[in-house]
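K.L.:
From the sequence below, what's the structure:
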Amino acid sequence: MRDLIDIIVEKSQLMEKSRGLLYRSAGDEFFQGDVNAPTAVIVFDKAEYYPGQPGAYADAAEMSAAAQKIMQQYPDLTWTNQPRNSRAFAILTFKNSESGQDVHFGRFFQQIQSDMTGSWKNNELPGNWQLNKASSLKGAYYKLKPSDLFPPGSTYDSPADLMAVLSQNEKLQPLMAGMQQLMQGHWPVFQGQKAMESAIRDDLGEIIGPMALVMGMITDSKAESARRDILGPRGSWAGSQIHFPASKTNGLVDSVLFNSGKEIGISSKGEKGATASIKNVADGIAEARTKGMKKLLSEYAEQIEVIDAVGSEAAKTFPLTQGKQRGMLTDAQASLITDLIKNGVQDLDAVNINPADREALEDLMSDVAPSNKPNYNVGYHAMAGLARRVVAEINQDPKFGEACLTFLNTSPILQLHMKTSTTGDDVGVTGFTVKYPPEFEGTVALDATKVYYSTGVNGRCTFAYNGGPDSVADARAAKHSKQIVQKVNAKVADIGTGASMVPGLTPQKAKSSKTRVSENLGRARRS
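P.N.:
Presented below is the predicted three-dimensional model:
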């Protein structure tokens, strides 16, 4: 029953967080300062869209004129961003709980969509206003996750060493009495912290879990099975080092125990939409090889080859290699993308490219909206589109996701989920639910959307666990290229005139701004 309640609470918190400011309920409070003694409080009243929902003004000038009228109507209005390629805006009205006066904030958008969920995040009000709801306070205010409390990559030789660091953190002082109980071998009680229950359970639990395991406080059958399986019949969790890795490189794993040359991942993340790293999946393959699971390795041999490529090949060459293997581009086109990246080209019109290659690159670029940042690069833009197509084709193999999930559940990972209860205003830890072998369920898909951009490459592909956000369906770019091209052209200015010499590539006279749709995909040059 408690697990069911936790699931309901978790889903409601995710919904609360994702809907953002534009879908707040009348009466929602925002505060400045300490949540228990705020210096100011404002209460949400309404959200208004200009020119309407959905909608956009004809051009920036018409929008600017409308914004000027609103500023005359609301002299206290504070804008939260600058109008860049914007043709619409939204206004939020709050009431100051002390003075009763209205407080207004505005934000510019390219256009008002039918669904604006998450378009204006809860933490995007200037003045460090915080939403006074548990779901928002957990991540934005309380900040009890390992990444909030320790530098990335921190390793501690013992729970006592870890506690020495925590005891120096001023904001943790109200929780230290409970943490001292943990050090004495008792499940902690955090007095007067009922409002923080979800943050204690979900975030601080990522720290308490490995500490309790090393201290011998988690001894159920699953934990014991993991100990014997990973460390051997006489192995012990005692003496393990506790490591908190950077989340970008370890995905589902919150911490790692180093013990007798072994790495044991500890995960309390199992929610929908989480990401898994290549290491999580590769560790499962390595474990299968170590244990001689020949049947499993043979069944997924083709998929393992792709997973190995994700982990071993350089991120900048992976889409090119896979794209060539899958007939998505030629050797010459792959070399062209590399040259464009190397030479910092910002517009295809700046170089001389044969029509077939130009068309191929424009087609790839049509799948990804270009960035307005100064480091925009045509080569990276084409690579980002190619990466999405490669990933889409890989994900179309039903055995690929099946293999990733299978090897996640073969990896040396313990799932620890802390359980809590409340008595009055106190929060008490009652123990942990342990899962071993891991019981990750649902689906896994390769995800390139947070790695390949039109400005560069940021690490290796990740794995969207349980479907993840927009990773598979939206990546099937070939089926949607026409719609994406239209979106891109709405965001990109007309191409100007004049082309510069690019080392290693032949200059070509720039085309007129009245070019066909696909020719507007590069970064617009400005005179």
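K.L.:
For Lys222, report the pLDDT, please.
P.N.:
Looking at Lys222, its pLDDT is 95.
K.L.:
contacts for the helix or strand harbouring it?
P.N.:
Element membership for Lys222, per DSSP states H and E: helix 221-231. For helix 221-231, contacts defined as C-beta atoms under 8 Å, 6 or more residues apart in numbering pick out 213, 235-237, 259-260, 262, 264, 412, 414, 434-436. The C-beta positions use only the backbone N, C-alpha and C, and glycine is treated the same way.
K.L.:
cutoff 6 Å now
P.N.:
Applying C-beta atoms under 6 Å, 6 or more residues apart in numbering, the external contacts of helix 221-231 come out as Gly235, Lys262, Ile264, Pro412, Leu414, Val434, Tyr436.
K.L.:
Buried residues in it, which are they?
P.N.:
For helix 221-231, burial by neighbour count (16 or more other C-beta atoms under 10 Å) applies to Lys222, Ala223, Ala226, Arg227, Ile230, Leu231.
K.L.:
do stretch 344-356 as well
P.N.:
Neighbour-count burial for stretch 344-356 flags Val345, Gln346, Asp347, Leu348, Asp349, Ala350, Val351, Ile353 (criterion: 16+ other C-beta under 10 Å).
K.L.:
swap in stretch 29-49?
P.N.:
Buried residues in stretch 29-49, counted by 16+ other C-beta under 10 Å: Glu29, Phe30, Phe31, Val41, Ile42, Val43, Phe44, Asp45, Ala47, Tyr49.
K.L.:
Format these as a markdown table; extra columns: distance to Glu287.
P.N.:
As requested, those are arranged in a markdown table below (distance: C-beta to C-beta, whole Å):
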| residue | distance to Glu287 |
| --- | --- |
| Glu29 | 49 |
| Phe30 | 48 |
| Phe31 | 48 |
| Val41 | 53 |
| Ile42 | 53 |
| Val43 | 53 |
| Phe44 | 50 |
| Asp45 | 55 |
| Ala47 | 50 |
| Tyr49 | 52 |
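K.L.:
Name the nearest of those residues relative to Asp367.
P.N.:
Nearest to Asp367 among the buried residues of stretch 29-49: Tyr49, at 29.1 Å, using C-beta to C-beta.
K.L.:
for that closest one, helix, strand, or coil?
P.N.:
Put simply, Tyr49 is strand when judged by DSSP: H, G, I helix; E, B strand; the rest coil.
K.L.:
Next, check the buried residues of stretch 29-49 against the strands and list the overlap.
P.N.:
Judged by DSSP state E, strands contain the following of the buried residues of stretch 29-49: Glu29, Phe30, Phe31, Val41, Ile42, Val43, Phe44, Asp45, Ala47, Tyr49.
K.L.:
quick one: which of those residues is nearest Ile285?
P.N.:
Ile285 lies nearest to Phe30 out of those, by C-beta to C-beta, at 47.4 Å.
K.L.:
Tally up the residues packed near the residue nearest to that closest one when sequence neighbours are not counted, please.
P.N.:
Distances taken as C-beta to C-beta, 6 or more residues apart in numbering place Trp129 nearest to Phe30, at 4.3 Å, with adjacent residues excluded. By the measure other C-beta atoms under 10 Å, the count of residues near Trp129 is 21.
K.L.:
Please apply the same query to the one 5 residues further on.
P.N.:
Counted with other C-beta under 10 Å, residues neighbouring Ala134 total 19.
K.L.:
Provide a list of residues in contact with it.
P.N.:
For Ala134, the contact set (C-beta under 6 Å, 6+ apart) comprises Ser198.
K.L.:
Please consider this matter closed, and thank you.
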